[in-house]
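Colleague: quick one, fold the following:
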Amino acid sequence: MTAVRLSQPHRPVRATIPLASSKSESNRALIIDALTGFRCDLTNLASARDTQTMIRLLKSTDQTADVLDAGTTMRFLTAYFTVTNQQKVMTGTARMCERPIGILVDALRSLGADITYLKNDGYPPLQLNGFTANGTSELRIRGDVSSQYISALLMIAPLLPDGLTINLTGAVGSRPYIEMTIEQMRHFGAVVDTDWTANQLHVQPTPYTPQSYAVESDWSGASYWYSVAALADDDTAELELLGLKARSLQGDSAIVDIMRPLGVESTFTETGVRLTKRPAEPALEWDFTDCPDLAQTVAVCAAMKGIRLTLTGIESLKIKETDRVAALQAELQKLGAELVEVETNHRYEVRRLMQPLETLAVPEIDTYDDHRMAMAFAPVAMLHPVVIHEPGVVAKSYPSFWEDMARVVTVEEA
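Modeller: A predicted model of the protein is given here:
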């Protein structure tokens with residue numbers, strides 16, 4: 001299927017959504033399980049392609065590990081295969097091989113890894129040639145780059161002879177993802193001390209203990225349903241999202257607070273969270289440093305509601321599956337809106353143009369091989385028909401997304 005058309009919200013807007021499991025939690029649990037010798041009982045693992053790729057590669061004896069477009073899988077497996085002394089070629093899609101990995105490789109080399117770049121320095125593909133611990137037990141690493149580098153190093157640290165101390169320099173981005181990693185490590189018996197005042201993380205050389213672990217539903221996936229609720233032209237709209245917890249390890253649970261001024265109230269139940277409508281506010285300013293994966297969803301929602309949104313902390317979006325800032329700028333124009341850079345590499349504003357929605361042609365949204373572009377723009381259908389190109393990209397994180405969307409709108413092949 002090359003495109004889907006979404007239109008005609010069902011009335012009333014009522015649905016119970018069995019959300020996909022968190023691929024972030026799943027991928028961390030899988031690495032830790034592998035470091036115990038695959039002796040843990042993991043349940044509710046994500047069906048997302050990234051997680052299924054992780055499972056396949058952890059079981060594979062092939063000399064080449066092709067992660068496809070999975071950034072987390074690339075970073076985590078590079079560290080895992082290194083510390084377990086496996087000789088592998090790490091590669092992926094053309095876009096994956098444009099995403100930097102040099103900071104992680106430099107850190108692993110300083111610990112004793114022999115890693116060779118096979119094409120361009122600082123980028124996959126890589127040849128992992130082996131690992132001999134050299135006594136290094138302390139690293140300095142930038143905190144304002146991908147948190148996946150830091151999480152990858154943290155998870156292998158209990159296997160190092162002297163553990164590992166990581167000193168984070170500069171501003172720390174996506175800190176909730178680092179904290180998620182640490183809490184999951186602690187669940188499996190790792191001893192991790194944190195000093196966030198000094199931005200220092202210390203992992204003792206205490207091996208993991210096999211444990212059972214149930215993965216929570218995905219708060220990133222929940223964000224699209226918050227947008228559905230916010231854009232529903234129905235004051236009695238009500239959605240229940242199953243499997244979410246009020247006290248979550250996932251940083252993207254911040255969507256609860258972000259969406260309140262955009263018109264969505266959250267009420268936690270025994271089975272998840274219930275979303276209902278509330279009055280929206282005219283403007284919102286939010287720092288997405290700790291939850292960059294929510295930025296696209298919130299930007300589209302604000303544009304459709306005519307709410308002026310100011311975004312900071314979205315610099316990392318430029319090195320994701322696509323340059324998400326450029327992609328948003330291009331596609332928001334099709335909605336009669338714009339994403340304007342008002343302070344270089346720091347501050348952006350979403351502005352709704354004056355063109356009435358009913359005068360817009362049916363926008364055809366390009367997805368740039370990016371699952372979040374497809375899902376962020378899908379809720380537009382609550383107010384106006386929309387065509388989403390290459391809808392299959394959602395398999396990366398939420399394979400059942402279109403089936404779930406069909407609970408509230410008409411979804412048909414375009």
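Colleague: show me what residue 239 is bridged to.
Modeller: With DSSP bridges applied, the residues forming beta bridges to residue 239 are residue 15, residue 275.
Colleague: low-confidence ranges, this structure, go.
Modeller: For the chain, residues meeting the criterion pLDDT under 70 lie at 354.
Colleague: where do the helices sit along it?
Modeller: With DSSP state H, the ranges of helices along the chain come out as 23-35, 49-59, 71-83, 102-111, 147-156, 175-187, 219-231, 255-259, 295-305, 324-332, 371-377, 401-405.
Colleague: how about the last one: buried residues?
Modeller: Judged by neighbour count (16 or more other Cβ atoms under 10 Å), helix 401-405 contains these buried residues: 401, 402, 404, 405. All C-beta atoms are positioned from the backbone trio N, CA, C, and that covers glycine.
Colleague: check the second one too.
Modeller: Within helix 49-59, the residues that count as buried by 16+ other Cβ under 10 Å are 49, 50, 51, 52, 53, 54, 55, 57, 58.
Colleague: closest to residue 344 out of the residues you listed?
Modeller: Out of the buried residues of helix 49-59, the one with the shortest distance to residue 344 is residue 50. That distance is 31.9 Å, counting by Cβ to Cβ.
Colleague: pretty sure the closest one is touching residue 24, no?
Modeller: No: in this structure, residue 50 sits apart from residue 24 without contact. The criterion is Cβ atoms under 8 Å, and the distance is 9.3 Å.
Colleague: what is in contact with these two at once?
Modeller: Taking Cβ atoms under 8 Å, 6 or more residues apart in numbering as the criterion, residue 50 and residue 24 both touch residue 72.
Colleague: show me what contacts residue 295?
Modeller: The contact partners of residue 295, by Cβ under 8 Å, 6+ apart, come to 288, 311, 314, 317, 324, 328.
Colleague: was I right to think the fifth one contacts residue 369?
Modeller: No: using Cβ under 8 Å, residue 324 makes no contact with residue 369, being 11.5 Å away.
Colleague: so between those two, which is more surrounded?
Modeller: Residue environment comparison for residue 324 versus residue 369 gives the larger neighbour count to residue 324, 24 against 17, counting by other Cβ atoms under 10 Å.
Colleague: setting the sequence-adjacent residues aside, check what's closest to the more buried one.
Modeller: With Cβ to Cβ, 6 or more residues apart in numbering as the measure, residue 317 is the residue that lies nearest to residue 324, at 3.8 Å, once sequence neighbours are left out.
Colleague: quickly note the distance from that neighbour to residue 71.
Modeller: Here the distance between residue 317 and residue 71 works out to 13 Å (Cβ to Cβ, to the nearest Å).
Colleague: the two: who's more crowded?
Modeller: Between residue 317 and residue 71, counted using other Cβ under 10 Å, residue 317 has the larger neighbour count: 23 against 19.
Colleague: touching, that one and residue 323? I think so.
Modeller: Yes: counting by Cβ under 8 Å, a contact exists between residue 317 and residue 323, whose distance comes to 7.4 Å.
Colleague: got CSV for the buried residues of helix 401-405, with distance to residue 259 too?
Modeller: Compiled in CSV, the buried residues of helix 401-405 are given as follows (distance: Cβ to Cβ, whole Å):
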residue, distance to residue 259
401, 18
402, 22
404, 18
405, 18
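Colleague: residue 63: which of those is nearest?
Modeller: Nearest to residue 63 among these: residue 401, at 34.5 Å, using Cβ to Cβ.
Colleague: residues contacting the closest one?
Modeller: The contact partners of residue 401, by Cβ under 8 Å, 6+ apart, come to 20, 221, 224, 374, 375, 378, 394.
Colleague: the same query, at a cut-off of 10 Å, please.
Modeller: Residue 401 makes contact with 20, 221, 224, 371, 374, 375, 378, 391, 393, 394, 395, 411, according to Cβ atoms under 10 Å, 6 or more residues apart in numbering.
Colleague: tell me how far it lies from residue 337.
Modeller: Residue 401 sits 23 Å away from residue 337 when distances are taken as Cβ to Cβ.
Colleague: what do you get for residue 235?
Modeller: In this structure, residue 235 and residue 337 are separated by 24 Å, where distance is defined by Cβ to Cβ.
Colleague: tell me which of these two has more neighbours.
Modeller: Neighbours around residue 235 and residue 337, counted as other Cβ under 10 Å, are more numerous at residue 337. The numbers are 23 against 10.
Colleague: correct me if wrong: that one contacts residue 304.
Modeller: Yes: in this structure, residue 337 is within contact of residue 304 by Cβ atoms under 10 Å, at 7.8 Å.
Colleague: quick one: which two of the buried residues of helix 401-405 are the most distant?
Modeller: Set against one another by Cβ to Cβ, the buried residues of helix 401-405 have their most distant pair in 402 and 404, with a gap of 7.3 Å.
Colleague: shared neighbours of these two, anything?
Modeller: Counting by Cβ under 10 Å, 6+ apart, the common neighbours of residue 402 and residue 404 are residue 411.
Colleague: would you confirm that residue 403 contacts residue 409?
Modeller: No: the pair formed by residue 403 and residue 409 falls short of the contact definition of Cβ under 10 Å, at 11.9 Å.
Colleague: if I look at the two, which residues touch both of them?
Modeller: Joint contacts of residue 403 and residue 409 (Cβ under 10 Å, 6+ apart) do not exist.
Colleague: residue 60: how many residues sit nearby?
Modeller: The local packing count at residue 60 equals 12, with neighbours defined by other Cβ under 10 Å.
Colleague: stretch 169-179: how far from the chain's middle?
Modeller: Using Cα atoms, centre = their mean, to the nearest Å, the mean C-alpha position of stretch 169-179 is found 14 Å from that of the whole chain.
Colleague: what's the separation between the residue nearest to residue 324 and residue 299?
Modeller: Between residue 317 and residue 299 the distance is 10 Å, computed by Cβ to Cβ.
Colleague: what's the overlap in contacts for the two?
Modeller: Where contact means Cβ under 10 Å, 6+ apart, the residues bridging residue 317 and residue 299 through contact with each are 288, 311, 324, 325, 328, 348.
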